[in-house]
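# I'll drop the sequence and a predicted model, then ask my questions.
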Amino acid sequence: MKRLFPVLLLVAVIVGLSGCSSGTFTIKSKDFQASDACDATGTLEVSMESGRVKVKARSDYKAHMLKNGMPSQWCNGATQEFVGTVKVSGYTFESDTNKPLQFVVDRSKGFYYLAGKGSVTDPQGKVTTLP
């Protein structure tokens, strides 16, 4: 048992530190939940055009359907990169031109921050600056 304790302690430290890096800002709103119909890898570019959200799949984007239907920007595992200022479900994403905000859609974690610079304003007006 004495040999197992250091291993468990190391695992606890690694798990704790992983929560301190990217992924610490998460949107748990139902409007940002991962679809149960598809899984994906790769990146979607999200922008605004004429007041409407525009989603464009990059060449690395691949969706795998789990149920009948069409893939969406909410496929589990998809990375969304916000270009410019984008308004989605009451949230405003304002990205740095050189380092756009990136979020990942995840069934268990929620819609979490991955990388980039900018800010997110929630529907109540609270501004979170990232990173």
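Yep, it's here.

# ranges for the helices of this protein?
Ranges of helices in the chain, per DSSP state H, are 4-18.

# low pLDDT regions in it?
1-23 (pLDDT under 70).

# got the phi/psi numbers for residue 78?
Torsion angles at residue 78 (phi, psi; degrees, to the nearest 10) stand at phi -70, psi 140.

# now it. Nearest residue, chain neighbours left out?
residue 40 (4.1 Å; C-beta to C-beta, 6 or more residues apart in numbering). (Glycine included, C-beta is placed from N, CA and C.)

# next one: residue 82
Using C-beta to C-beta, 6+ apart, the closest residue to residue 82 is residue 93 (4.2 Å).

# and the one you found, how many neighbours?
Per other C-beta atoms under 10 Å, the neighbour tally for residue 93 reads 25.

# correct me if wrong: it contacts residue 122.
No. Distance between residue 93 and residue 122: 10.7 Å, which falls outside the contact criterion (C-beta atoms under 8 Å).

# hang on, residue 48 packs against residue 87?
Yes. Taking C-beta under 8 Å as the definition, residue 48 is a contact partner of residue 87 at 6.8 Å.
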